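Novice: Quick one, structure for this:
(chains A and B)
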2 protein chains.
Amino acid sequence: MKTITIIGAGMMGSALAFPARENGNTVRLVGTPLDDDVIAACKETNRHPKFRRDFPAGVTFHRFPECEALLCDTDFIICGVSSFGVDWFADAVLPTVPDGIPVLSVTKGLQDLPDGTLLTYPDLWQRKLDALGKTVPLCAVGGPCTSYELVAHDHSAVAFCGKDPGTLQMLREAMRTAYYHISLSTDVVGIESAVALKNGYALGVALTVGLCRVQFGNDELHYNSQAAVFTQAVREMSALLRLQGCAEIENLAVGLGDLYVTVYGGRTRQIGILLGEGLSAEEAKQRLSGVTLESLVVAERVGRAIRRRAEAGEIDAADFPLLLHIDEVITKGKNAALPWDRFTFPAEK
Amino acid sequence: MKTITIIGAGMMGSALAFPARENGNTVRLVGTPLDDDVIAACKETNRHPKFRRDFPAGVTFHRFPECEALLCDTDFIICGVSSFGVDWFADAVLPTVPDGIPVLSVTKGLQDLPDGTLLTYPDLWQRKLDALGKTVPLCAVGGPCTSYELVAHDHSAVAFCGKDPGTLQMLREAMRTAYYHISLSTDVVGIESAVALKNGYALGVALTVGLCRVQFGNDELHYNSQAAVFTQAVREMSALLRLQGCAEIENLAVGLGDLYVTVYGGRTRQIGILLGEGLSAEEAKQRLSGVTLESLVVAERVGRAIRRRAEAGEIDAADFPLLLHIDEVITKGKNAALPWDRFTFPAEK
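Specialist: From the prediction side, this is the model:
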């Protein structure tokens, strides 16, 4: 049995309290400074305001000021912040993590540098740790797993990635249940890149749903066009993983399962459909105010990285027509209208 | 403008009459001997009994006895039979095809040999042609495209594959429309293997839907488990394409788009759900009597091939737990219950 401190009371971090606690571990859920209301509600009802099931008995709930003291007595930390909390976590939490205590992050995303390099969040945090002179094993969770279905005990299969196999084994032993299935990978860049990229590409599939609604109305399902975009997403995700130096099929497999679930999984689907229906990114964001829209961030960052690397002659931008179209819809106000001809090869005359 | 003869008045062959005729080609739809009623209905109403839209004006409809005469004056042939008609097509049609007239096949499937080799249908037909001493360019259509959505003009992206690039260009020129997008590939084994395999793996995802209905009822959606099986399908399909000598990402991309659409596309989904809900293969077939169930055939053949190749020491059967489970459900009456532990790696202790 381990003592586990989850930091960030968003949906995914909170959902991991279920397998963690059901395995008999000691589990504390600590809110960020933005989570005070959520923590108060959890204390009062033993249920997260966005979930339909109570937490397993015994999870304790804490506001952020208690965090540092809790970290003095924990076996590992789960970081449950969204990608908008990555810098906050680096500044407010990492300096207080005792040396040697692993951090398992659920945050999916990539950060682009001016030269078009795409860094994973563990990469970013490692830079911070190096600057602090601290030794904290950074691990991360990738793969298809929506929080509410994990809470419902639907079978979910994820990959824990990190540099140290022993740490990964310990994390798996603590977290795995009859419904939460965990593979292990030491390819952190591969897993993290794949599951971040899928957020951008899920926008593409969802965009197609919106476009079909405009063309055909809501009464008919149109999977041909979604599947065509899915095929193009496989091509482009694979090429981007190659660019990241991690084209192994296992990374792509985890990323594509994640793409599959994200297409159906709520927020990214919602905004993609709105964009496909003709709303501008600003209008869509307004319509979904209060919703965390990581997919927009990753699409914009990857789009910028592709253009930079293409300018440098390292890649051919023509290999990424889907992502670049999504980026133009988001950042340049271009109308959603998929460039179908650019998805076929060899190019039509 | 070309003269195109479609043989087989099933849904997919008939659907291709839409882009073919809308492009201004001369299009004849010829039934197999089993299609007499369909042809009669098409003649009477200009609509296929299973479609919700009329054929474009000008398509002509013919019973099979007219076929041989029509083939004397055609630029190419579209073979629209199901995999249950592959041998019939080889015996009844191929001998009457004039030398040099291309055949474009929509039939998806694989045939296993006693040593576990998996042959595509173009491979099988080529053997027949060689025996006949005939020269007929064999091409095939792969990729995600359900017939009724093609008829509805949903954007659809497919790959035409064949050995001769010039023939492929001609076929694309004749068939492509603003909504029917065609890539070309000379990797016939790759495209055909990928799109046949997806039929087996779509059963796996659909099985998961059925299992979730039993566990959770019909009122909740459970995509985590579907996505987990999708990830496993990517792993296994990729390994099987490697075994077929055609692991290029493009083949996998086309196959995975096809898997995506098939999970939602009707027959395979229906039987997979029934199996997941606990019906035996026989009961499920009875429930769906009259429905063409190619997915069962391909799963059984690929399962047999995997076991043969594993017995010969060429592969490790442990790399294919999903397909082998599906096969056992179909052929051995095993209860549907996904072997989740075997989808994680490294193996749990």
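
Novice: Now do the same contact list for the residue nearest the centre of chain A.
Specialist: Most central residue of chain A, judged by C-alpha distance to the mean C-alpha position with Cα atoms, centre = their mean, is residue A:108 at 2.8 Å. Residue A:108 makes contacts with A:83, A:142, A:192, A:195, A:196, A:199, A:294, A:298, as judged by Cβ atoms under 8 Å, 6 or more residues apart in numbering or on different chains. Heads up, the C-betas are built off the backbone N, CA and C, glycines and all.

Novice: The fifth one reaches residue A:119, doesn't it?
Specialist: When you say that, I think you mean residue A:196. No. Residue A:196 is beyond contact range of residue A:119, at 10.3 Å (criterion: Cβ atoms under 8 Å).

Novice: Can you check which residues contact both of the two?
Specialist: Common neighbours of residue A:196 and residue A:119 (Cβ under 8 Å, 6+ apart) are residue A:110.

Novice: Where strands are concerned, which of the contacts of residue A:108 count?
Specialist: residue A:142 (DSSP state E).

Novice: Which single one of the contacts of residue A:108 is nearest to residue B:309?
Specialist: Residue B:309 lies nearest to residue A:142 out of those, by Cβ to Cβ, at 31.2 Å.

Novice: number of nearby residues for the closest one?
Specialist: Neighbour count for residue A:142, taken as other Cβ atoms under 10 Å in any protein chain shown: 29.

Novice: go on, residue A:323?
Specialist: Counted with other Cβ under 10 Å, residue A:323 comes out at 27.

Novice: Show the pLDDT at it.
Specialist: Residue A:323 carries a pLDDT value of 98.

Novice: can you tell me the helix or strand for it?
Specialist: With secondary structure defined by DSSP states H and E, residue A:323 is part of helix A:321-332.

Novice: what's the helix or strand for the closest residue to residue A:276 other than its chain neighbours?
Specialist: In space, residue A:276 comes closest to residue A:210 once its chain neighbours are excluded; the distance is 2.1 Å by Cβ to Cβ, 6 or more residues apart in numbering or on different chains. According to DSSP H and E, residue A:210 maps onto helix A:188-216.

Novice: now check whichever helix or strand comes after that helix, is it near chain B?
Specialist: Downstream of helix A:188-216, the first helix or strand assigned by DSSP H and E is helix A:223-243. Yes. Using Cβ under 8 Å from any Cβ of the partner chain, helix A:223-243 reaches chain B at A:223, A:224, A:225, A:226, A:227, A:228, A:230, A:231, A:232, A:234, A:235, A:238.

Novice: Return the residues in contact with the second one.
Specialist: Same thing as residue A:224. Neighbours of residue A:224 in contact, by Cβ under 8 Å, 6+ apart: B:144, B:145, B:146, B:149, B:150, B:154, B:155, B:156, B:157, B:261.

Novice: in the stretch 1-150 of chain A, which spans are helices?
Specialist: In the stretch 1-150 of chain A, the segments counted as helices under DSSP state H, counting those that start in this stretch are A:11-22, A:36-45, A:67-71, A:86-88, A:121-132, A:147-151.

Novice: Many thanks, have a good one.
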